[in-house]
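pasting the structure only:
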């Protein structure tokens, strides 16, 4: 009994201690919501940030870019994150000026399921890849594919086109690339997070894992997945012919090269697909963070401004690199910092 | 009969001597009425919310929404037909397979299996019902789909490929895989309920049947199953309800392609899958509204299926009377 009582006393003292120390120690909770693509990076980066800034904790909910924009407009979060920046319509609904900042960079690899391994990866030109997704090239032994891949024995099996079934920034970037590579795609299908896939033999997989799973299990399948997913799962990835006519594999270096060709991105001119640079990989894109230019709560706004400033800096981008995202090239970091400077807090 | 207003029938005479009982009775009556009422409010509220959320889409597309096969978020053109087709067909495949297997398994468990087999087997079947659907989905994508593609589809294509339902290439994912996965998921519902129903059939009926010289097979087929018939039908409807609304597992194996194809091997799409897939990234308001309307359609399908089933189970005489009235009226008209 005495022991019990002393424990109780200890507890009471501890409780009292927290109550008194509370205001000084309790971290301010900042909340963000949106893109699932950026979530692994954000969660690790915010954890690291709280380690050095004990007074701030950032709670990020990966509910999808669309949901992130809705929450941001409803002002239920301090910042939103989206794989595609808010468009004119959404900005109008926001009702106040919004600052949009590129925070993460990613590439998309084309993976496939063929019976024999191809050293260096299958070669696909921009036009051939578009024609495959249009359903115009339907078999692996098509002469156009054979011409690009001399010495590779391509089987006489149908090409099964795999795409994301869930609405996704990944699909947006991929269809943005196809629209740039092929006029026919631009007119027949267009760009979107979900589109009407024209190829007859196409199936949709949910998430990167769904696409990768379908490709891995279906002989003759081809699909697009995030770079990190290909690296972590050791999937075969195609070499693409870029606009400059060079063969490039999807790596952190080639994606960064694509981004570096266009440092002056903005929320209205953000596409970095199909760039005309020597080693630029053609399928790449940013994730954007959104914050109001004049935050209602200045002190919280200042904290978000600081957090974002840190996110686009070297330390956080190194964390991104360790998670197989592509660190923002330094000229893009400059663009991001300039955008953040517009936040009036 | 003032007290019958509280739903408890005639007032017991003891109210006069025990006034507090009257209060308790009243409160209890209010509590049960309110508890039941909440669900009415919830269902009506859900329906109202769905109609309200889909208003823009109802207004923009009208009835075209139900008969159009185009689902194109880029041009904001939306039609639900392929999703309705995929939902109904995948659920019917599941019901066909699970219904037959479930009733047979239940008959075995209740009538034939020795106790030391029946008990663990029943436990296993009930375990199957407790497996989360995302686990079924992963298993379906990584185990079932390759298995069906390698071992089941080729013989079907070779021998029955002339049938339109088995025509065309098979990718491993599609209507066929979704139907079979759903069948596995709803099988425990059918089997467990049917087993209990068969056990509830009075043993006098079996004894009577045996006394008349019927074999075991004849007894089960002619006496036991018909006696449990309406209940078995109810079990199937419960199972169908689960199949219609199942989302995540189906999304992983159905192929998610908004087309209507005669072949079961073709990819397809269901109402719940498209909502789950596209809701988070739907930004324009008409797009969101169209997705909510898909939810409204699913809601109505479930209500109609359940309503019909209840009518068939509990009021067979109502239907019989209804048809008798109908024939009587028709005959009178014809005579007049």
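In hand now; what should we look at? Just so we're clear, the structure is a prediction, and the values are computed from it rather than from any experiment.

hang on, isn't residue A:164 packed against residue A:175?
No: between residue A:164 and residue A:175 there is no contact, the gap being 10.2 Å when judged by CB atoms under 8 Å. C-betas here are computed from N, CA, C, even on glycine.

which of the two has more neighbours?
Set residue A:164 next to residue A:175 and count neighbours by other CB atoms under 10 Å in any protein chain shown: residue A:164 wins out with 28 against 25.

Tell me the spatial nearest neighbour of the more buried one, not counting adjacent residues.
Excluding its sequence neighbours, the residue lying closest to residue A:164 (CB to CB, 6 or more residues apart in numbering or on different chains) is residue A:171, at 4.8 Å.

what does residue B:168 give?
With sequence-adjacent residues excluded and distances taken as CB to CB, 6+ apart, residue B:168 is closest to residue B:263, at 4.5 Å.

thought the one you found was touching residue B:162?
No: shown here, residue B:263 and residue B:162 do not form a contact pair, counting by CB under 8 Å, at 11.9 Å.

Show me which of the two is the more surrounded one.
Using other CB under 10 Å as the criterion, residue B:263 and residue B:162 rank with residue B:263 on top: 19 against 8.

what about the more buried one, which SS state?
Three-state assignment for residue B:263 (DSSP: H, G, I helix; E, B strand; the rest coil): coil.

got the contact list for it?
By CB atoms under 8 Å, 6 or more residues apart in numbering or on different chains, the contact set of residue B:263 is B:164-168, B:175.

make it 7 Å
B:164-168 (CB atoms under 7 Å, 6 or more residues apart in numbering or on different chains).

got it, and residue A:238?
Contacts for residue A:238 were tallied using CB under 7 Å, 6+ apart; they are A:110, A:112, A:121-124.

and it, what are its phi and psi?
With angles defined as degrees, to the nearest 10, residue A:238 sits at phi -80, psi 150.

quick one: it from residue A:152, how far?
Noted for residue A:238: a distance of 12 Å to residue A:152, by CB to CB, to the nearest Å.

do residue A:196 as well
Distance, residue A:196 to residue A:152, using CB to CB: 32 Å.

how does chain B divide into domains?
Per automatic domain parsing, the domain ranges recorded for chain B read B:11-53, B:80-335.

can you pull the pLDDT of the residue nearest to residue B:168?
The model reports residue B:263 with a pLDDT of 93.

ok, now residue B:282?
Predicted confidence (pLDDT) for residue B:282: 80.

how many neighbours does it have?
Neighbour count of residue B:282, defined by other CB under 10 Å: 24.

My understanding was that it contacts residue B:291; is that so?
Yes: counting by CB atoms under 7 Å, residue B:282 does reach residue B:291; the two are 5.8 Å apart.

what number of residues lie near the nearest residue to residue A:44 once chain neighbours are set aside?
Distances taken as CB to CB, 6+ apart put residue A:319 closest to residue A:44, at 5.6 Å, once the chain neighbours are dropped. The burial count assigned to residue A:319 is 19, neighbours taken as other CB under 10 Å.

what's the distance between the strand or helix carrying residue A:319 and the middle of its chain?
For residue A:319, the element it lies in under DSSP states H and E is helix A:314-322. Taking CA atoms, centre = their mean, to the nearest Å, one finds the center of helix A:314-322 at 15 Å from the center of the full chain.

Now do the same for that helix: mean pLDDT, whole number.
Mean pLDDT, computed over helix A:314-322, is 94.

After that helix, which helix or strand is next?
helix A:330-341.

How about stretch A:105-122 and chain B, touching?
No: judged by CB under 7 Å from any CB of the partner chain, stretch A:105-122 stays clear of chain B, getting no closer than 11.0 Å.

Span of that stretch from start to end?
End-to-end distance for stretch A:105-122, by CA to CA, to the nearest Å: 24 Å.

Tell me how far that stretch lies from the chain's centre.
Using CA atoms, centre = their mean, the offset of stretch A:105-122 from its chain centre is 19 Å.

And stretch B:200-210, by the same measure?
Its chain's C-alpha centre and that of stretch B:200-210 lie 30 Å apart, by CA atoms, centre = their mean.

mind listing the helices for chain A?
According to DSSP state H, chain A carries its helices in the segments A:2-25, A:39-52, A:65-73, A:88-94, A:126-134, A:143-148, A:169-181, A:183-188, A:207-217, A:227-233, A:252-260, A:298-311, A:314-322, A:330-341.

now do the stretch 101-250 of chain B
Taking DSSP state H, counting those that start in this stretch to define them, one finds helices in the stretch 101-250 of chain B at B:115-130, B:133-139, B:145-147, B:153-160, B:175-200, B:203-211, B:216-219, B:225-245, B:248-253.

In the second one, which residues are buried?
Applying a neighbour-count criterion of 16 or more other CB atoms under 10 Å in any protein chain shown, one finds B:133, B:136-139 buried in helix B:133-139.

Make a markdown table out of the helices of chain A and add distance to residue B:190.
Listed next are these as a markdown table, based on distance: least, CB to CB, whole Å:
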| stretch | distance to residue B:190 |
| --- | --- |
| helix A:2-25 | 54 |
| helix A:39-52 | 40 |
| helix A:65-73 | 37 |
| helix A:88-94 | 47 |
| helix A:126-134 | 42 |
| helix A:143-148 | 48 |
| helix A:169-181 | 38 |
| helix A:183-188 | 45 |
| helix A:207-217 | 29 |
| helix A:227-233 | 38 |
| helix A:252-260 | 52 |
| helix A:298-311 | 53 |
| helix A:314-322 | 50 |
| helix A:330-341 | 58 |
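
which of those has the lowest average pLDDT?
Note on those: helix A:2-25 shows the lowest mean pLDDT, a mean of 44.

if I pick the closest residue to residue A:139 other than its chain neighbours, what's in contact with it?
Of all residues not flanking residue A:139 in the chain, residue A:158 sits nearest, at 5.8 Å (CB to CB, 6+ apart). Going by CB under 7 Å, 6+ apart, residue A:158 touches A:138-139, A:201, A:220, B:169.

Looking at those, which one is closest to residue B:201?
residue B:169 (47.2 Å; CB to CB).

Chain B contacts on the stretch 51-200 of chain A?
Selection of the stretch 51-200 of chain A residues close to chain B by CB under 7 Å from any CB yields A:63-67, A:69, A:90, A:158, A:160, A:165-168, A:189-190, A:192-196.

What residues does chain B have near chain A?
So chain B meets chain A at B:71-74, B:141-142, B:145-146, B:169, B:171-173, B:251-252, B:255-257, B:267, B:277-278, B:280-283 (CB under 7 Å from any CB).
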